[in-house]
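**Student:** From the sequence below, what's the structure:
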Amino acid sequence: MKTLVRLAVAILVIGAVFGGAVGDRIWGYKILDKYWPRLKTQELQNSKTQIVTEENVVIEVAEKVSPSVVTVGIKKTQIFREIDPFDFFGMGRIQQKKVEQDIGTGFILTEDGLVVTNKHVVGDTQATYKIVTKDDKTYEVQKIYRDPANDLAILKVDAKELKPVELGDSSKLKVGQMVIAIGTALGEFRHTVTTGVVSGLGRGITAGSPLEGAVERLDNVIQTDAAINPGNSGGPLLNSSGQVIGVNTAISPEGQNIGFAIPINVIKDAIDNFNKTGQFSRPYLGVRYRIKPRY
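**Tutor:** Next up is the predicted model:
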């Protein structure tokens, strides 16, 4: 009996070793060795395809929309008092200095010269403004229409055959969706392209220009981590199809990569009102008082 048990165990051990060797030869070498490198190669190819596709999206959007993005420049005369150390009365001399620089961004709305930007970009009513296109053509701004309710302005230039942008639908935005910003970063680097995602929706912020000393409350704005710098104000925030889904308007000075854009649907409503009336018509409630004289 013991002999039979030992013989059975020996047969099992020999069979397991032999079967493993045969199985490895048949399945491991001819099947796994044949297809595993191919599977790994396919995985790497899919990863590279995803990266290349994302790069191509950004490249295509930049090439498509950049001709519709403009730089907004300002021209003004600054008056200041120069202190003369030999002037014992301390009055100094009045000096004038002409300033001409890029200050913001805009995008073309119509072929005949309507351009959208932020109101705070063109907030100086004593200055004159110009726009510069991608191909370095300069147009003097003839008229400025400022929206009293939103940080929005429409500039009119004398031009024809400009390339307008395509407006999207900001109501369909999702958190995590890829977005692209184009603008004149720091008022110096024209047509800077940055990418990011929609970081949040329905935000409420207080925005304004430190140069003007005025602030404005904006509700229901888009938060994004796409790099937005001073000078990007008024530029487009785009989806992967190259449609404008927001107007870049503010950044948070207390954080990094926290920018905000006005949803394009808000801009659409304002533009519809502008097209109908030729101005931004807004209802308002006024309060007056009168002092009653005493007799």
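**Student:** Pull up the gap between Val65 and Thr77, please.
**Tutor:** Here the criterion is CB to CB, to the nearest Å. By it, Val65 lies 35 Å from Thr77. Placement of C-beta: from N, CA and C, glycine included.
**Student:** These two: which has the busier surroundings?
**Tutor:** The residue with more neighbours, out of Val65 and Thr77, is Val65; 24 against 11, by other CB atoms under 10 Å.
**Student:** Skipping its backbone neighbours, what lies nearest Lys119 in space?
**Tutor:** Ala153 (4.5 Å; CB to CB, 6 or more residues apart in numbering).
**Student:** Please confirm that Tyr129 is located within a strand.
**Tutor:** Yes: when DSSP: H, G, I helix; E, B strand; the rest coil is applied, Tyr129 is found to be in a strand.
**Student:** In which helix or strand does the nearest residue to it once chain neighbours are set aside reside?
**Tutor:** Nearest non-adjacent residue to Tyr129, counting by CB to CB, 6+ apart: Val141, 4.2 Å away. According to DSSP states H and E, Val141 maps onto strand 138-147.
**Student:** tell me the helices in the chain, going along the chain?
**Tutor:** 2-23, 33-65, 264-277 (DSSP state H).
**Student:** Now the second one: average pLDDT?
**Tutor:** Averaged across helix 33-65, the pLDDT comes to 69.
**Student:** got the buried residues for stretch 148-161?
**Tutor:** Buried residues in stretch 148-161, counted by 16 or more other CB atoms under 10 Å: 150-157, 159.
**Student:** the longest strand in this protein is where?
**Tutor:** Secondary structure of the chain per DSSP state E: the longest strand is strand 189-209.
**Student:** just checking, what packs against that one?
**Tutor:** helix 33-65, strand 178-185, strand 214-224, strand 243-251, strand 259-263 (3 or more CB pairs under 8 Å, 6 or more residues apart in numbering; DSSP states H and E).
**Student:** could I have the last one exported to PDB, CA atoms only?
**Tutor:** Going back to what we said before, that points to strand 259-263. Output of strand 259-263 as PDB, limited to C-alpha atoms (Å, rounded to 0.1, in the frame of the first residue of the first chain):
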ATOM      1  CA  GLY A 259      -8.800  83.200 -12.800                       C
ATOM      2  CA  PHE A 260     -12.300  84.100 -13.700                       C
ATOM      3  CA  ALA A 261     -14.300  84.700 -16.800                       C
ATOM      4  CA  ILE A 262     -17.800  86.100 -17.500                       C
ATOM      5  CA  PRO A 263     -19.900  83.400 -19.200                       C
END
